[in-house]
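[1] Turn this into a model:
(chains A and B)
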Amino acid sequence: MQNYVEYLQTYGSRFVDGTLVTIQQTLLAAFLAIFVAALFGMMRLSEKWLVRGTSIVYIEFFRGTSLLVQLYWIFFVLPLLGVTFDKFTAGFVAVGLNLGAYGAELVRGSIEAVPKGQYEACHALNMSYYKRMRRIILPQALLIMLPPWGNLLIELLKGTALVSLISVTDLMFEAKQINGTTYLSAESFGTAMIIYYLMARVVVSPGMRAFESYWGKKMGRI
Amino acid sequence: MFEGFELFPKFDWKWSFVFEILPRLLWATLNTLMAAGTGYAIALVIGLVFALAQRTGIRTVTLIVREIVEFIRSTPLVLQIFFIFYVGPQFGIRLSPWTSGMIAIGLHYAAYLSEVYRAGLESVPRGQWEACKALNFSMTRTYFRVIIPQALPPALPGMGNYLVGIFKDTPMLMVIGVAELMHAATALGSTYYRYLEPYTMVGILFLLISLPTAFGLRRFESFVARALGMRK
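    From the prediction side, this is the model:
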């Protein structure tokens, strides 16, 4: 126990630095994932087969291969095709695109789960497509998809750990580096695990639940 | 951030190189499949232990197991792989990369599968349990003849998803040197200093396996549901 306190005094600041990078990666990847999910989720429901097909190909491609493969592909192979990202950008782009594909399915499912009567009422009131989506369908769909999005954001937070493999200096990377110099594996990896756990359990889950109940109240459901 | 765009500067796809590396990649694919299968088998069993431990009716046990499951679910798998591989030697236990990788993947997905089992068991109406009690069925008969046949169909989609999920997470095993597909591709890439073909082939192999598997699982689900008389 005494040793662990000393360990934290020596390496605590590096864990903090790593955690900050992980938070940046998570936020950027989350924004990208939400954007991608909304775009491809709506495209998936389009009546035009080309739009729908594009979205299906995107979703199946990113869900059919693993995040690590996509990350390496974006970082090592894309430069050969003429698109070069630095490692930090490649990291959150890969995580965001991957989790965005899973999110797109949530968006699609939740829009489909809005009762048919709501669509018919919109027709009866002669609402345009955009007005119908913005005022009636999407607010209700959001309420349906919020609980699974909470889980998805935790998956996203965990996914950012992989960016350490292309040497982004996130929490995972720092833990690995500290382990390499001290050989105190239980302390290094254990501390990182606890930090990830706290971020998921104390920040992401309660945050999403609070947003859910706020949105539920706003919609007059709870 | 964005360092440049130039149309296909170094893009030269070599089929000869693809055919040269393909045998090694296919061998590595077998390792990947074996890792996924072994990990899944472990996860199915430990997941059942986690799920049943939460149904014992002892509050402390339920709470502790719940928190363990939450902990495993909210920490990254790659970190757990490192933890299991490196912490053993610190206390004098040496595990091979293969063994520690299987333990990590098995435990990680056991946490997910326990939730699937739990949801499946909870979807069986209470009346079914009561009816079994009223008919004086034994515990095994209750489970095997009444509860499991009804709990299985709702649990199957989740179980199938995690089978594909495990398969897609096996590349993480490369970090401790398990010779699976991604590891082989990286090794080939650094030997020949060509990353285009190996990594692209890995992506294609993953798609070729995971998409038909997902499709086959959907068929299997409806087959089981029909066989158990849950659906016409």
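
[2] Run through chain B and note the low-pLDDT ranges.
    For chain B, the stretches with pLDDT under 70 are B:1-11, B:230-232.

[3] residue nearest the centroid of it?
    Central residue of chain B (CA atoms, centre = their mean): B:I166, 2.4 Å from the mean position.

[4] For chain B, which segments are assigned as helices?
    Secondary structure of chain B (DSSP state H): helices located at B:15-53, B:59-73, B:77-90, B:97-122, B:126-134, B:139-141, B:148-169, B:181-192, B:196-227.

[5] For the last one, name the packing helices and strands.
    Using 3 or more CB pairs under 8 Å, 6 or more residues apart in numbering or on different chains; DSSP states H and E, the elements in contact with helix B:196-227 are helix A:49-64, helix A:67-72, helix B:15-53, helix B:148-169, helix B:181-192. Every residue, glycine included, has its C-beta placed from N, CA and C.

[6] before we move on, what about the third one?
    If you count contacts as 3+ CB pairs under 8 Å, 6+ apart, helix B:77-90 packs onto helix A:171-182, helix A:185-198, helix B:97-122.

[7] and A:S55, which of these is closest to it?
    Among the helices and strands packed on helix B:77-90, the nearest to A:S55 by CB to CB is helix B:97-122 (26.8 Å).

[8] That closest one and chain A in contact?
    No - figure legend: helix B:97-122 not in contact with chain A (CB under 8 Å from any CB of the partner chain); closest approach 10.0 Å.

[9] okay, the angle between the helix ranked longest in chain A and helix A:185-198?
    Longest helix in chain A, counting residues (DSSP H): helix A:2-43. On the basis of axes from the mean of the first three to the mean of the last three CA atoms, to 10 degrees, helix A:2-43 is oriented at 40 degrees to helix A:185-198.

[10] okay if I get the helices and strands packed on helix B:77-90 as CSV plus mean neighbour count?
    Shown next, in CSV, are these (neighbours: other CB atoms under 10 Å in any protein chain shown):
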stretch, mean neighbour count
helix A:171-182, 21
helix A:185-198, 20
helix B:97-122, 21
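
[11] can you tell me which of those helices comes nearest to A:V204?
    Here helix A:185-198 is closest among these (CB to CB), at 10.0 Å.

[12] That closest one and chain B, are they touching?
    Yes - counting by CB under 8 Å from any CB, chain B is contacted by helix A:185-198 at A:S185, A:A186, A:F189, A:G190, A:A192, A:M193, A:Y196, A:Y197.

[13] which ones are touching the first one?
    Listed by CB atoms under 8 Å, 6 or more residues apart in numbering or on different chains, the contact set of A:S185 reads A:N179, B:F82, B:F83, B:Y86, B:V87, B:P89, B:Q90.

[14] what's the distance between the residue nearest to the centre of chain B and chain A?
    Using CB to the nearest CB, to the nearest Å, B:I166 is found at 10 Å from chain A.

[15] didn't that residue look like it was pressed against B:A43?
    Yes - between B:I166 and B:A43 there is a contact under CB atoms under 8 Å: 7.0 Å.

[16] Between these two, which contacts overlap?
    Shared contacts of B:I166 and B:A43 (CB under 8 Å, 6+ apart): B:I105, B:Y109.

[17] isn't A:Q118 right up against A:P139?
    No - using CB under 8 Å as the test, A:Q118 is too far from A:P139 to be in contact (10.4 Å).

[18] which one is B:Y86 nearest to, not counting chain neighbours?
    A:S185 (3.6 Å; CB to CB, 6 or more residues apart in numbering or on different chains).

[19] ditto for A:W215
    In space, A:W215 is closest to A:L143, 5.7 Å off (CB to CB, 6+ apart).

[20] The one you found against A:M219, yeah?
    Yes - between A:L143 and A:M219 there is a contact under CB under 8 Å: 5.7 Å.

[21] quick one, which of these two is more surrounded?
    Higher neighbour count among A:L143 and A:M219: A:L143, with 18 against 12, using other CB atoms under 10 Å in any protein chain shown.

[22] before we move on, which element is that one in?
    Here A:L143 sits within helix A:138-159, counting by DSSP states H and E.

[23] For chain A, give me the ranges with low pLDDT.
    Residues of chain A meeting the criterion pLDDT under 70: A:1, A:221-222.

[24] hang on, the earlier thing: of the helices and strands packed on helix B:77-90, which is nearest A:G103?
    Nearest of the helices and strands packed on helix B:77-90 (CB to CB): helix B:97-122, 18.4 Å.
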